[in-house]
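Asks: I would like to see how this sequence folds:
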Amino acid sequence: MVDYSSDEERFSAIVDFFKRNRNSFLLIFLVIFSMLVIVIGFRSYQANQNAKASELYDLWLLEMSNEKIDSEKTVSTFNSLQEKFPKTGYAQLARMNRGSKSARDGDLDVSLGDFEELLQTSSGLFGNNVLNSLARISIARIELNNENYEKVLEVLDGFNSDSEHPIVYEIKGDALIGLDKKELALDQYSLAMTNMQDESQKSLLKIKINKVSQ
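Replies: Numbering: from 1, shown residues only. Below you'll find the model as predicted:
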C-alpha cells in the first residue's frame, strides 16, 4: 500500500488514476447509458403495444357480447389483434377465451388450435407463465379426450416438477392409465392426492384410485 505524505499527493494520485483509465471509464459509462436507453425504449414500446391491443380486445369483447353476433366482424377484429400484437396479454387472453368457448361448444379441433397457438406465444423469456400453464393443461385435456396419451405426457412435461398443480398429476395419471401403465399412474394419483386441498376432489380421486387398484 502506497503512503502519501500530504493530501495534495493523495489528490494528485487520484487524478492520475482517472487520467490513465479515462477511456475505460468512458466505455463503462456509454455501456450503462446505452442499456438505460434500451430498457426505457422497450418499456415505452411495450406500453404503446398494450394500449393499442387493449382497444382491439375491448372491441372484440363488445362485438362478442352483442345479441346478434356479426361473425365476420368479430373474426376480423380477433385476427387483427393476433396479427399485430401476438405477444401482448390481451391477444393471449382473447385466444384463451376463444379456445375455452370452442371447447365448451364441442369444437375440440378449433379449441386445440387456439391453445397450441397460445402455448407458442406465451412461451419464452418474456412469456406469460400463467396463460402458458393454462394452455398446457387445456391441450392435455383435449388430447386425453382424443386418446393421444403420449402427447398428453409430452405437453405436461413442460411443467416445473416443484410447482405442479394437483390437476397436472391427475391428468398424467389418466394418460398413463391409457398407456396401461397402472403403477406409474398410481404414483401420479398419489402425488395429486398429497397436493389437493379440496375434499370433494379428493373423494373423486379416491374412487379413481380404488378402481385402478382392483
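
Asks: If we ignore the residues flanking it in sequence, what's nearest Lys87?
Replies: Leaving aside its sequence neighbours, Lys87 sits nearest to Thr121 (Cβ to Cβ, 6 or more residues apart in numbering; 6.1 Å). (Each C-beta comes from the backbone N, C-alpha and C, glycine too.)

Asks: show me what contacts the one you found?
Replies: If you count contacts by Cβ atoms under 8 Å, 6 or more residues apart in numbering, Thr121 has them with Pro86, Lys87, Ala91, Gln92, Arg95, Gly127.

Asks: Just the element for the fifth one, please.
Replies: Here Arg95 is covered by helix 89-104, with elements defined by DSSP states H and E.

Asks: before we move on, back to that, quick check: the gap between the residue nearest to Lys87 and Lys52.
Replies: Counting by Cβ to Cβ, to the nearest Å, the gap from Thr121 to Lys52 is 16 Å.

Asks: cool, Met193 as well?
Replies: Met193 is 46 Å from Lys52, by Cβ to Cβ.

Asks: Just after the lowest-mean-pLDDT helix or strand in the chain, pick out the following helix or strand.
Replies: Using mean pLDDT, DSSP states H and E, the weakest-scoring helix or strand in the chain turns out to be helix 7-20, at a mean of 68. Downstream of helix 7-20, the first helix or strand assigned by DSSP H and E is helix 22-65.

Asks: Can you list the neighbours in contact with the helix or strand just after that following helix?
Replies: For helix 22-65, the succeeding helix or strand toward the C-terminus, using DSSP H and E, is helix 71-84. By Cβ under 8 Å, 6+ apart, the surrounding residues in contact with helix 71-84 are 52-53, 56-57, 59-60, 63-64, 90-91, 94-95, 98, 117.
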